[in-house]
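Q: Predicted model and sequence below, questions to follow.
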Amino acid sequence: MNKNRMWVIGSVLAMAVTVAAGWLIGISPQLATVASANSDRANVIASNTRNGILLAKLKRDYENIDALKNQVATLHESVPTSADVSSFVTELNTLANARKVTLKSINVSDARAYTPMTQAAAAKTTTSSSPQTNPKITTTNFVTIPVTIGVTGDYSKVLDFVNDVQLGRRLFLVSTLSSMGATNSKGVKGSPTTSGGSQRVDSTIAGFMYVLLS
């Protein structure tokens, strides 16, 4: 092998080493930096898009803030942070007067801790959907108060009263309703009708109101 050929081979090897070194030292890190910058740019664009959507929602919510405040106030009235029995009794009297029935008695029992529906009980329900639950509702902050209401009036009006109570400002869940013919002036009980007639009845409404402790 002559010297010229050796110089050529050496020059080629030197250029190859130079190119490799240039790639490792200069070009490859630059490409990695560009790739990282592109990834960061894509993440920033995605984050800005999400923030833009959230900001638009907040703006819409703020435009309806008065309605939201009214909704919160209504919910607090429906399930207050204390028993507030007097307000519930006042509402019952108002509804009874509107339906022209007479409240005979209101018995409020001691509050008791809320008992969540167990999986076994849920499995026995006839509905295919799972019971609605909320992790913020617990046995320590949510209580039920049994209430029994005695009322006298026309059968159809009593039914209207029961409907009004369930749709009233205070959340009240009726569990049972029983009726019997009201006692007449001679002390004789009649037989209640079941078709919404004018027969006067003595009815007992049992149910629950609720308190969400703050």
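A: Perfect, I can see it now.
Q: so what's the residue nearest to R99 when sequence neighbours are not counted up against?
A: Leaving aside its sequence neighbours, R99 sits nearest to F161 (CB to CB, 6 or more residues apart in numbering; 4.4 Å). Where you see a C-beta, it was placed from the backbone N, CA and C, and this is true even at glycine. By CB atoms under 8 Å, 6 or more residues apart in numbering, the residues touching F161 are L95, A96, R99, V101, V151, G153.
Q: In the chain, mark out all the helices, start to finish.
A: Ranges of helices within the chain are 3-22, 28-63, 65-78, 85-99, 119-123, 155-166, based on DSSP state H.
Q: out of the contacts of F161, which is most surrounded?
A: V151 (26 neighbours; other CB atoms under 10 Å).
Q: and it, how far is that from L58?
A: 48 Å (CB to CB, to the nearest Å).
Q: same thing with T144?
A: T144 sits 36 Å away from L58, going by CB to CB.
Q: When the two are compared, which one has more neighbours?
A: A direct count of neighbours by other CB under 10 Å for T144 and L58 places T144 higher, at 17 against 10.
Q: and the nearest residue to that one once chain neighbours are set aside, bridged to which residues?
A: Once flanking residues are discounted, T144 sits nearest to F208: 4.7 Å by CB to CB, 6+ apart. Taking DSSP bridges as the rule, F208 bridges to P146, L173.
Q: correct me, but F208 touches V143?
A: No - counting by CB atoms under 8 Å, F208 sits too far from V143 to count as a contact (9.8 Å).
Q: The helices of the chain: lowest mean pLDDT?
A: Mean pLDDT is lowest for helix 119-123 out of these, coming in at a mean of 47.
Q: so who does the residue nearest to T144 touch?
A: Per CB under 8 Å, 6+ apart, neighbours of F208: T144, I145, P146, V147, F172, L173, S175.
Q: E91 now?
A: With CB under 8 Å, 6+ apart, E91 has these contacts: G168, R169, R170.
Q: What of S78?
A: S78 touches R169, R170, L171, counting by CB under 8 Å, 6+ apart.
Q: Could you tell me how many residues sit around V201?
A: For V201, the count of nearby residues is 24 (other CB under 10 Å).
Q: Look up how far T102 lies from it.
A: The gap separating V201 from T102 is 11 Å, by CB to CB.
Q: Need the residues touching each of these two.
A: Counting by CB under 8 Å, 6+ apart, the residues touching both V201 and T102 are T152, G153.
Q: Show me how this protein divides into domains.
A: The domain map for the chain lists 3-63, 80-212, with the assignment taken from automatic domain parsing.
Q: which residues does V108 bridge with?
A: Under the criterion used (DSSP bridges), V108 bridges to V147.
Q: Settle this for me: it is touching I145, isn't it.
A: Yes - look at V108 against I145 with CB under 8 Å: they come within range, at 6.3 Å.
Q: If you count surrounding residues, which of the two has more?
A: Between V108 and I145, I145 has the larger neighbour count (other CB under 10 Å), namely 18 against 15.
Q: residue contacts, that one?
A: With CB under 8 Å, 6+ apart, I145 has these contacts: A83, V108, S109, D110, A111, R112, F208, M209, Y210, V211.
Q: ok, the nearest residue to the last one once chain neighbours are set aside to E77 distance?
A: Leaving out its chain neighbours, the residue that sits closest to V211 by CB to CB, 6+ apart is V143, at 4.9 Å. For V143, the distance to E77 (CB to CB) stands at 17 Å.
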